[in-house]
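In: how would this look folded up:
(one chain, ligands or ions: 1)
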Amino acid sequence: MAGGNDWNPDDYDDHHEFVHEHGQSVVDLLDPQPGERVLDVGCGTGHLTAEIADSGAEVVGIDTSAEMVTQARDAYPNLTFEEADVRTYTADRPFDAVFSNAALHWIPGGDHDAVLSTVADVLTDDGRFVAEFGGTGNVAAITDALIAELDARGYAVDHPWYFPSIGEYAPRVEAHGFELRFSRLFDRPTPLDGGEDGLRNWLGMFGDEFFADVDDEERGAILAAVEDRLRPELFDGDTWVADYRRLRLVAVR
Ligand code: BEZ
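Out: Below you'll find the model as predicted:
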C-alpha cells in the first residue's frame, strides 16, 4: 500500500476483508506454479501472498506500510515480507511473475512509469505481470459526494487515488516492453461491512487524505452529510454497497 493513508492492519483485516476475498480470482488469473518466483506488490496483511504460496510458488510480499508488513509476518512467519516501495524496489534474483491486487491505485498516476520500470526490471525475459486495481469511475459516487460536501464547506481536496481507463493504461504498459494479453474494466458493487456504519467505516479506513484539514467534530458532520447524499444510491436498507470498478490486466514481457 502507499499514499498518505494511516493504515490500521487490525481494522483492515476485521472489517475490510473484501479486499482479499474479492481478490481471490486474481490469484486464479495469476495461476502460480510450483517453484515459480512471484513478487506480490502491495501485499497488505499477506493473505493473498499466502494463497499464492499455497500453490508451491516462492513469494516475496512487499508493502510500504511497516504496520502491514509486521502483521503479515506475524500471520505468516514462514513467508517473506519486506517493507519496500515498488517505485524503487530492486531484486537480487528475477521473478517469474509480478502480482498486485487493490494496491496500485494508491500510487499517483505520475509515478506509474517508475512502477512499470520496476516490474519490467525484476521479471525474467518471459515473465508476466498480473494486476487488479481501481479503474476509471471507481468509487465515483462516493468521491463525488465527499468532494462536493467538502467543497461546500470550503475545503479544497485533490482526489488521492489513480483510477485509469484501459485506453490510458495500456500504452503505458506497452511502453515498458510488455505485450498486453488481457485487460478488462468491470463493475464490482461491493458490500461494506458494518451495516449502517459501513460507509463511514470505509472512509475511516481509507479516506484519511480527504480529512487532513478537518477537525473531528466537523468530520462527523461531513460523514453524516455524505451518508445523506448517498443513501438513495448506495444503501439498500441494511448494507452500504460501494461502487467499485476494477481494472484487471495480464501483460507479458
Ligand atoms: C479500491 O480497492 O478500489 C479502493 C480501496 C480503498 C480506497 C480506494 C479504492
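In: buried ones in the host helix or strand of Glu174?
Out: Glu174 is part of helix 166-175 when elements are defined by DSSP states H and E. Within helix 166-175, the residues scored as buried using 16 or more other C-beta atoms under 10 Å are 166, 169-170, 173. Where you see a C-beta, it was placed from the backbone N, CA and C, and this is true even at glycine.
In: which parts of this structure sit against the ligand?
Out: Applying C-beta under 6 Å from any ligand atom, one finds that the chain approaches the ligand through 102, 105, 134, 138-139, 161, 206, 244.
In: one more time with 5 Å
Out: Counting by C-beta under 5 Å from any ligand atom, the chain comes close to the ligand at 102, 134, 138, 206.
In: and for the first one, the neighbour number?
Out: Around Ala102 there are 23 other residues, counting by other C-beta atoms under 10 Å.
In: hmm, back to that, rebuild the buried residues of helix 166-175 as TSV, extending it with pLDDT.
Out: Compiled in TSV, the buried residues of helix 166-175 are given as follows (pLDDT from 0 to 100):
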residue	pLDDT
Ile166	98
Tyr169	98
Ala170	98
Val173	98
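In: where exactly do the strands run in the stretch 151-253 of the chain?
Out: Using DSSP state E, counting those that start in this stretch, the strands found in the stretch 151-253 of the chain span residues 179-191, 241-252.
In: so which of these is the most packed in?
Out: A comparison of the strands of the stretch 151-253 of the chain by mean neighbour count, using mean count of other C-beta atoms under 10 Å, puts strand 241-252 on top with a mean of 20.
In: quickly note the distance from Asp63 to the ligand.
Out: Applying C-beta to the nearest ligand atom, to the nearest Å, the value for Asp63 to the ligand is 14 Å.
In: correct me, but that residue touches Asp85?
Out: No - with contact defined as C-beta atoms under 8 Å, Asp63 and Asp85 do not form a contacting pair (9.0 Å).
In: compare the two (neighbour count), which wins?
Out: Just comparing Asp63 and Asp85: by other C-beta under 10 Å the higher neighbour count belongs to Asp63, 30 against 17.
In: and that one, what is it in contact with?
Out: Neighbouring residues of Asp63 by C-beta atoms under 8 Å, 6 or more residues apart in numbering: 1, 42-44, 69, 72, 81, 83-84, 103.
In: mind listing which of the residues you listed are in helices?
Out: Among those, the residues falling in helices (DSSP state H) are 69, 72.
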